[in-house]
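Chemist: Below are the sequence and a predicted model; questions follow.
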Amino acid sequence: MECSPKIRYLKPKNKTRAVFFDLVLNYKFEYAIMTVIAVNVFFMSLFHYDMDSELTDALEVSNYIFVAIYILEFLFKIIGLGGRYYFASSWNKFDFVILIFGILSLSEGLLPFNATVLRVLRIARLFRVIKVLKGLRSLFQTFMTSLPSLVNVGALLMLLFLIYGVAGMDLFGELDHGEFIDEHTNFETFYNAVITLFRASTGESWNGIMHDSYRRSCNNARKCGHPAFAIPF
């Protein structure tokens, strides 16, 4: 298990900075910011196709307001904690990156792509719930600890897909197209075979693919498949 030292903030001697220091380290300030984030996500969920001009204008104004609040949060923490202690926290670094994206999203005319993409990244601020809720933080840490094992499990599943893909090409690579075996779903190439297997693993028409793999109404066994292979496969 990897451990990292806990950051201990030193209260500044300057009275003005001390006020901001007490403010940003108060749990009520953290809950207030979390409330703002939740309201921000709610407003973002109101976006839909063919919005009327009034809603579009209201959401645009709200976007400026939320970005302004996040800028104030950044300034309060920089003044209270100082740049050194602010950037010593990974969560603050995360917030700073999201803030930069939020500011860039206001410059739609200056960017070579749709700035709405950057605006959507603001939803990532919800991950701060992990910081506030102790139980969720423990669960997240457990997930991160087990992540290497999940990679091994994923590699094993990928190996099975590769083996079955090669076998599928040999057994069903010459099947005639039918209702489910078509130009997109087939075993004619290695890529199509793996994609077909992945689709079947999700439960999407796997029985239809199986039925098309042992049609009896043809003379060539290679193009009809066989139940002895199709059903176990």
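Modeler: Perfect, I can see it now.
Chemist: OK, contacts around I33?
Modeler: 73, 128 (Cβ atoms under 8 Å, 6 or more residues apart in numbering). Just so you know, the C-beta spots here come from the backbone N, C-alpha and C atoms, and that holds for glycine as well.
Chemist: An error on my part: the question was meant for G82.
Modeler: Counted by Cβ under 8 Å, 6+ apart, G82 has contacts 12, 17.
Chemist: Could I get the phi/psi values of it?
Modeler: In terms of degrees, to the nearest 10, the main-chain angles of G82 are phi 90, psi 150.
Chemist: Not including adjacent chain positions, what is the nearest residue to L162?
Modeler: V194 (7.1 Å; Cβ to Cβ, 6 or more residues apart in numbering).
Chemist: I'd like the next helix or strand past the strand or helix carrying that neighbour.
Modeler: Using DSSP states H and E, V194 falls within helix 190-201. As assigned by DSSP H and E, the chain's next helix or strand after helix 190-201 is helix 206-212.
Chemist: Can you list the buried residues in that following helix?
Modeler: 209-212 (16 or more other Cβ atoms under 10 Å).
Chemist: what about the helices in this structure?
Modeler: All helices of the chain, identified by DSSP state H, fall at 15-24, 27-44, 53-86, 90-104, 116-120, 128-132, 134-172, 190-201, 206-212, 221-224, 227-230.
Chemist: which one of those helices lies closest to D182?
Modeler: Shortest distance between D182 and these, using Cβ to Cβ, is found for helix 206-212: 8.9 Å.
Chemist: For that closest one, what is the distance to the chain centroid?
Modeler: Relative to the chain's own centre, helix 206-212 is displaced by 32 Å; criterion: Cα atoms, centre = their mean, to the nearest Å.
Chemist: give me the low-pLDDT residue ranges for the protein?
Modeler: 1-7, 108-120, 132, 215-227 (pLDDT under 70).
Chemist: run the last query once more with 90
Modeler: Along the chain, the parts satisfying pLDDT under 90 run over 1-18, 21, 24-31, 33-64, 66-67, 80-157, 161-162, 164-233.
Chemist: Spatially central residue for it, please.
Modeler: Centroid check for the chain by Cα atoms, centre = their mean gives A124 as the closest residue, at 8.8 Å.
Chemist: Surely that one is in contact with G102?
Modeler: No: A124 is beyond contact range of G102, at 10.7 Å (criterion: Cβ atoms under 8 Å).
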